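> Next one to model:
(chains A, B and C)
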Amino acid sequence: MSSFRPCLFVLIYCCLALVGCGQDQSSQQRTEAPEVYIAAVNNPLYYFANRLIGDQVQVRLSVPADIDPAQWQPSVEDLLQLQGAELFLLNGAGYSPWIANVSLASGRVVTTAEAVRNHWVELEGQVTHSHGPQGDHAHGGYAFTTWMDMSLAKAQAKAVASAISARWPQWSDDVSERLSALLADIDELNRGYQEFAAISGDRQFIYSHPVYQYFERAYGLPGHSLHWEPEVMPSEVEWRELSEKLQPDALFIWEAEPAVDIAAKMNALGLPFVVIAPGANRSETDWLSLQRANVSRLQLQGMVEE
Amino acid sequence: MGDLFYLGARYISHHRVKLLVLTFAITLVSWLPVAIQIIVDQTAEQLLKRAEDTPLVIGAPGSPLELSLGSLYFRAKTPARLEYSELKKVEATGYARAIPLYYRFRAQDYPIVGTSPDYFSYRGLQLANGRPAALLGEAVIGNKVAEAMSLGVGDHIISSPESVFDLAGVYPLKMPVVGVLAPSLSPDDEAVFVDVKTTWVIQGLGHGHQDLNKREAIGQVIKREGDNLVANASVRQFNTITSDNLDSFHFHGESAGFPISAIIPVAPDDKSAALLLGHFQEEREDVQIVRSQRVISQLLDTVFTVRDYIVVGIAVVAIATATVALLVFYLSLRLRSGERFTLARIGASRLQVQVLMATEVICVLLISAVLATVLIFLTRQYGISMMQQLLLT
Amino acid sequence: MSLEIEGVRFAYDNGGFVLSVPHLKLLPGESVALVGPSGSGKTTLLNLVAGILSPEQGTISLDGQVITGLGVRQHRRHRLCRMGMIFQSFELLEYLDLRDNVLLQARLAPGVRITPQLEQQAQDIVAELGLLDKWRRPVTELSQGERQRVAVSRALLLDPPLVLADEPTGNLDPDNKRAVLDQLIALCAGGNRILLTVTHDHSLLPAFDRVVDMSELLVQEVARDG
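Modelled structure (predicted):
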């Protein structure tokens, strides 16, 4: 009797069959080979992928240059583009919260910071909720500028490399070679930041935005984060509040070069500042160069202080 | 000769009911065995083709046949549950990409298949209208679903509750149709495709509701415990996912533990497929990996046996019908003996009488043969889909 | 056009019956009744004239042409084209309507086509017999008398010089008997046809020009009524 049910299925299938007979089978022809590309969600990952894959596969960064990739909400067209990507490099740590509510093949999505999940920085003061029979479910968040901790950046670069090698095993030797070079470059950045931390570790740090959590933790440079935009003159109240907090050795960290009048006002206050660009956005300058520029500026800042 | 055929035609017209019944019976017994043969063969061919296109299927332990039929045709009533984390495990082997399938729910008669965008490229499915599903809650429907439910891009399709008494859990989700697939002559024509996460929303594992931090929700918040707001169960939940409320949708717990029905591993080559097969057969007892082709072939062997029995049965009926037809013709000739005698007396030649008598037999046999041939042709062309139409309407 | 039977002798194979007709001549337009007890050979003689049976001796000639000795095929052709046959049980085809029954012999006859003219002739005969209003009526819906009139129409359509009738009124009621016979005799006389009729019904004999008593093998002249 056990074979009866399947037999019944086939008999029903004969009737309910899902297939018309003898019709032109050419309509089942598969599509032509689609364009092969890797999509990245931010500039560091875009850079890592480009370094690792070389010229073999195109790498795309869908986010326009003037939009912070962390704030980017892809349109349906963007999502369809992402669906076509062989690999979609995601940052992780809640960087692209929209990922939960879109349709992407999980096998193509690489959450590059997933392997270092236990190093994610949890944000404080996030509201969770619970209701109905299901009970508690938390929606607490994480800080997401993971790559500003160069050890995490290395982990992310490794994740990109391993995804590329898995997808294109034939290039894995090349990828591994390129990864070594990339890791060496990131190590160099790491050393640069560490050197700066060694000489400036005791200073008061004021960060223009709360995007430096990983940087602060990795290099022992905790500080207070504001919400200042480099091109928007803060209000008098904000200046006053800042002045009240300032210690004599304070250093202000900007994400990008502040406007001239803001810089002038800081100079007038006697508050030194330096730009440490996370380099999340698409840029003319590649991510490594941006980071090297950060290090150079910090080195220069260190020398000035000394 | 024309006059004789005229007379023959008059005879046939006069006895049309009898001859129609006879023609019908002869047509039927000539056509049926061939039709069964054609439909079973074509079905077998299609079943095997689908199985060949989907060489491996991974699912929860149980009947390999149920798993194969479920994952190839979305027909399983209560598919066994597999955890979504298995998908990652398959991918982690490095031997294959993995496509999830969750076909537990239905929209009226049609299975809702939760999957990933890879499914469409894997099956080579083309869109006739619209675009692929990009957001949670969006549906792409097979062309037969579109036809049968008169749905197109811009319309909505609603998931059906699993049972009338299903008050908790699965509640109808209204899903916008964003694409209609071109006919693929496969079970995909009769399925509603959504992202696997959308099926979890249907199951109640994810939902969207009003923001509890907002003023309107104040009546639903029972208490505040630190950073956690405790709300009562009357929080207004959305039964449609729109661009306005999309961001409010969220899932309870980790997706790794969420259910799916099966995984289609897509190995780049035979070697990887073999390695994957070996990996699962040797190292995993909590999941099964089946070779669809082998399973379907075994099933078809049984079906062919059943078909042979049916054909033999019909052959017996055919012999009986032929005997009855002979008897009818014989009795008819006997009844017409007076007519023959009259015709001979008024001077009709023997040939004329014979032609006139034979018209009946020739006509019945000829019409039956033509009808059976046409029916066989139609069966070959449209048999399966016609039967489907017949049974669905 | 005359029918002449000369020295005809016929015996069935079982030898129990011998028919002998020394001489019998029928003139054009003449109606002749064959009478005699059962077994006297009336129908046999009719069949000999029709060519269905062949005599052992003697000749039968129609209009001077000897028709005995013709082959089966010629006999049939002869019957179709030059004779009209009327039977006791009408012998109509039930699946045909009145029109098609009337045209039946014409359809079977070689060289004859169903033209509008022929159909008109058929209608004329049927009209003369008073059945035109039932032209397309199935014969199963007609009365016995009407059916025999249809048979008469069929026999006369191709204008045969000789009409052979075997008990044509045998299945009719008394009123119809006389009426059908009168119409038959009138139509034959009008067409200058020879009518040779087998009958048992002595009440009808006065209608005929002549009565031939088979038992005596004598040719009796009987004065016609009126």
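
> how about stretch B:265-284: buried residues?
By neighbour count on 16 or more other Cβ atoms under 10 Å in any protein chain shown, the buried set for stretch B:265-284 is B:265-267, B:272-273, B:275-277, B:279-280. Any C-beta I mention is one placed from the backbone N, CA and C, and that applies to glycine too.

> Likewise for stretch C:149-163?
Going by neighbour count (16+ other Cβ under 10 Å), the buried part of stretch C:149-163 is C:149-158, C:160-163.

> Just after the strand or helix carrying B:Ile319, pick out the following helix or strand.
Using DSSP states H and E, B:Ile319 sits in helix B:292-335. Per DSSP H and E, the first helix or strand lying C-terminal to helix B:292-335 is helix B:337-346.

> Show me the strands in chain C, by range?
C:3-11, C:18-26, C:31-35, C:57-62, C:65-66, C:83-86, C:162-166, C:194-198, C:210-213, C:218-221 (DSSP state E).

> The helix holding B:Ile319 - contacts with which helices or strands?
When contacts are defined as 3 or more Cβ pairs under 8 Å, 6 or more residues apart in numbering or on different chains; DSSP states H and E, helix B:292-335 sits against helix A:4-16, helix B:16-53, helix B:64-73, helix B:350-392.

> Identify, out of these, the most deeply packed stretch.
helix B:64-73 (a mean of 24; mean count of other Cβ atoms under 10 Å in any protein chain shown).

> Quick check: phi and psi at A:Val57.
Main-chain dihedrals, A:Val57, degrees, to the nearest 10: phi -130, psi 140.

> ok, it to chain C distance?
Distance, A:Val57 to chain C, using Cβ to the nearest Cβ, to the nearest Å: 83 Å.

> any idea of the pLDDT on that residue?
At A:Val57, the model reports a pLDDT of 92.

> Count the residues that sit near it.
Residues near A:Val57, counting by other Cβ atoms under 10 Å in any protein chain shown, number 20.

> for it, what are its contacts?
A:Val57 is in contact with A:36-38, A:86, A:168, counting by Cβ atoms under 8 Å, 6 or more residues apart in numbering or on different chains.

> Now the two most distant members of those.
The span of the contacts of A:Val57, defined through Cβ to Cβ, is set by A:Tyr37 and A:Trp168 at 12.5 Å.

> And the contacts of whichever helix in chain C runs longest?
Secondary structure assigned by DSSP state H gives helix C:174-190 as the longest helix of chain C. Here helix C:174-190 makes contact (Cβ under 8 Å, 6+ apart) with C:29, C:31, C:86, C:125, C:128-129, C:144-145, C:148-149, C:152, C:156, C:163, C:165, C:168-169, C:172, C:193-195, C:197, C:201, C:204, C:207-208.

> Next one, pLDDT for the closest residue to chain C within the stretch 251-393 of chain B please.
In the stretch 251-393 of chain B, the residue that lies nearest chain C is B:Gly347 (3.5 Å; Cβ to the nearest Cβ). For B:Gly347, the model assigns a pLDDT of 89.

> Same question for the one 3 residues further on.
Looking at B:Arg350, its pLDDT reads 90.

> Tell me the buried residues in the one helix or strand B:Tyr6 maps to?
B:Tyr6 is part of helix B:2-14, with elements assigned from DSSP H and E. Buried residues in helix B:2-14, counted by 16+ other Cβ under 10 Å: B:3-4, B:6-8, B:10-12, B:14.

> got any ranges where the chain has weak pLDDT?
Here I'm looking at chain A. A:1-34, A:125-140, A:201, A:304-306 (pLDDT under 70).

> nope, chain B please
B:163-170, B:209-238, B:386-393.

> Show me what from it comes close to chain C.
Residues of chain B found near chain C (Cβ under 8 Å from any Cβ of the partner chain) are B:3-4, B:6-7, B:10-11, B:13-15, B:338-339, B:341-349, B:352.

> hmm, try it at 10 Å
Contact residues, chain B versus chain C (Cβ under 10 Å from any Cβ of the partner chain): B:2-4, B:6-8, B:10-15, B:336, B:338-339, B:341-350, B:352-353, B:356.

> restrict those residues to contacts with chain A.
With the criterion set as Cβ under 10 Å from any Cβ, no member of these is near chain A.

> Just the angle for the helix holding B:Ile319 relative to helix B:2-14, thanks.
Counting by axes from the mean of the first three to the mean of the last three Cα atoms, to 10 degrees, helix B:292-335 points 110 degrees away from the direction of helix B:2-14.

> Off-centre distance for helix B:292-335?
26 Å (Cα atoms, centre = their mean, to the nearest Å).

> In the stretch 201-306 of chain A, which residue sits nearest chain B?
For the stretch 201-306 of chain A, Cβ to the nearest Cβ, closest residue to chain B: A:Pro210, 17.6 Å.

> Can you classify that residue as helix, strand or coil?
Put simply, A:Pro210 is coil when judged by DSSP: H, G, I helix; E, B strand; the rest coil.

> now swap in the one 4 residues further on and tell me
Here A:Tyr214 takes the helix state, with states given by three-state DSSP.

> Tell me how many other residues crowd it.
The tally of other residues near A:Tyr214 (other Cβ under 10 Å) stands at 25.

> what sits against it?
Shown in contact with A:Tyr214 (Cβ atoms under 10 Å, 6 or more residues apart in numbering or on different chains): A:93, A:113, A:119-121, A:143-153, A:278.

> Narrow those residues to those that are buried.
For the contacts of A:Tyr214, buried by 16+ other Cβ under 10 Å: A:93, A:113, A:119-121, A:143-150, A:152-153, A:278.

> Is there any residue in stretch C:120-140 that contacts chain B?
Yes - Stretch C:120-140 is in contact with chain B by Cβ under 10 Å from any Cβ, via C:138, C:140.

> Return the member of the buried residues of helix B:2-14 nearest to C:Ser40.
Nearest to C:Ser40 among the buried residues of helix B:2-14, with distances taken as Cβ to Cβ, is B:Leu7, at 36.9 Å.

> Apart from its chain neighbours, what residue comes closest to the closest one?
B:Leu356 (5.8 Å; Cβ to Cβ, 6 or more residues apart in numbering or on different chains).

> My guess is that neighbour contacts B:Leu333. True?
No - look at B:Leu356 against B:Leu333 with Cβ atoms under 10 Å: they stay out of range, at 11.0 Å.

> which residues do these two both contact?
With Cβ under 10 Å, 6+ apart, B:Leu356 and B:Leu333 have common neighbours B:339-340.

> so can I have JSON lines of the strands of chain C showing mean pLDDT and distance to A:Tyr46?
JSON lines is the format used below for the strands of chain C (pLDDT from 0 to 100; distance: least, Cβ to Cβ, whole Å):
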{"stretch": "strand C:3-11", "mean pLDDT": "89", "distance to A:Tyr46": "120"}
{"stretch": "strand C:18-26", "mean pLDDT": "87", "distance to A:Tyr46": "123"}
{"stretch": "strand C:31-35", "mean pLDDT": "93", "distance to A:Tyr46": "122"}
{"stretch": "strand C:57-62", "mean pLDDT": "91", "distance to A:Tyr46": "117"}
{"stretch": "strand C:65-66", "mean pLDDT": "88", "distance to A:Tyr46": "117"}
{"stretch": "strand C:83-86", "mean pLDDT": "92", "distance to A:Tyr46": "108"}
{"stretch": "strand C:162-166", "mean pLDDT": "93", "distance to A:Tyr46": "113"}
{"stretch": "strand C:194-198", "mean pLDDT": "94", "distance to A:Tyr46": "118"}
{"stretch": "strand C:210-213", "mean pLDDT": "90", "distance to A:Tyr46": "127"}
{"stretch": "strand C:218-221", "mean pLDDT": "40", "distance to A:Tyr46": "131"}
